[in-house]
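[1] sequence and predicted structure are below.
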Amino acid sequence: TQLLEQSPQFLSIQEGENLTVYCNSSSVFSSLQWYRQEPGEGPVLLVTVVTGGEVKKLKRLTFQFGDARKDSSLHITAAQPGDTGLYLCAGAGGGADGLTFGKGTHLIIQP
Amino acid sequence: GAGVSQSPSNKVTEKGKDVELRCDPISGHTALYWYRQSLGQGLEFLIYFQGNSAPDKSGLPSDRFSAERTGGSVSTLTIQRTQQEDSAVYLCASSSYPTYEQYFGPGTRLTVT
């Protein structure tokens, strides 16, 4: 069974601070996706990383895929209250298979 | 274009009753997925369809759960004889070749009383 461990589970920081969320597994994934979910809504896809060592930037968000394709990180620079939400990482085995999700990181950015 | 839609958005049912949840995927998406999200459990994969067939039903928690997809489009997830532990948000997603990136609907919140 493939498992994804996310850390931290909860994070509350002040506006303007930087933070990193981690997603780790003992299994190799063909790709890894990061989602953000707000209360009462479905997860919204932020990014997909496919190549080991890949780094993708989305404004103030930087996503990294580990060289061995087993882990990933999400770094947010100068966090803003609008970044508040549940961040989920999900591993894909390939093709149209279902995703394996981590339990998520609940992020609160205080103004 | 239109995203994934799900209905109903909320469903309250009595223990022992059957419920049907509906998912309308993004037009043209060939793959459709059902997940369940419970407090403390995260997002749990239930089943996926490629066209009308379900190659992977491994996530269905019991034989009270079933799903079908007709015409390669709309899907229904049926839970028979609902139990309190079935209370959760049921999420549907769809995707298509070549990336198979999954796009989620808003979910159906099921409460079994």
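    Perfect, thanks for sending it. Numbers count the residues shown, from 1 in each chain, chains lettered A, B, ... in the order given.

[2] where does the spatially most distant residue from the centre of chain A land on pLDDT?
    Here chain A reaches farthest from its C-alpha mean at A:Pro111, the gap being 22.4 Å by C-alpha atoms, centre = their mean. Confidence at A:Pro111, expressed as pLDDT, is 94.

[3] for B:Glu44, same thing?
    With respect to pLDDT, B:Glu44 scores 93.

[4] give me the element it is part of.
    Element membership of B:Glu44 [criterion: DSSP states H and E] is strand B:42-50.

[5] in its sheet, which strands sit next to that strand, and in what direction?
    strand B:31-38 (antiparallel), strand B:53-56 (antiparallel) (DSSP bridges).

[6] run through the strands of chain B in chain order.
    B:5-7, B:10-13, B:19-24, B:31-38, B:42-50, B:53-56, B:65-69, B:75-79, B:88-95, B:103-104, B:108-112 (DSSP state E).

[7] lowest-confidence stretch among those?
    Among the strands of chain B, strand B:53-56 scores lowest, with a mean of 85.

[8] outside of that one, which residues touch it?
    A:97-98, B:47-48, B:67, B:69 (C-beta atoms under 8 Å, 6 or more residues apart in numbering or on different chains). (Each C-beta comes from the backbone N, C-alpha and C, glycine too.)

[9] possible to save the strands of chain B as CSV with mean neighbour count?
    Output for the strands of chain B, formatted as CSV (neighbours: other C-beta atoms under 10 Å in any protein chain shown):
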stretch, mean neighbour count
strand B:5-7, 17
strand B:10-13, 14
strand B:19-24, 19
strand B:31-38, 23
strand B:42-50, 22
strand B:53-56, 14
strand B:65-69, 18
strand B:75-79, 20
strand B:88-95, 24
strand B:103-104, 20
strand B:108-112, 18
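
[10] between the ones you listed, which one is nearest to A:Gly102?
    For A:Gly102, the closest of the strands of chain B is strand B:42-50, at 6.7 Å, according to C-beta to C-beta.

[11] what does the closest one contact?
    A:43, A:88, A:90, A:96-104, B:30-38, B:54-57, B:59-61, B:65, B:67, B:69, B:75, B:77, B:91.

[12] in stretch A:39-46, what counts as buried?
    Buried residues in stretch A:39-46, defined by neighbour count with 16 or more other C-beta atoms under 10 Å in any protein chain shown: A:42-43, A:45-46.

[13] can you check stretch A:82-89 too?
    Going by 16+ other C-beta under 10 Å, stretch A:82-89 has these buried residues: A:83-89.

[14] of the residues you listed, which are in range of chain B?
    Applying C-beta under 8 Å from any C-beta of the partner chain to the buried residues of stretch A:82-89, one finds that A:Leu88 fall near chain B.
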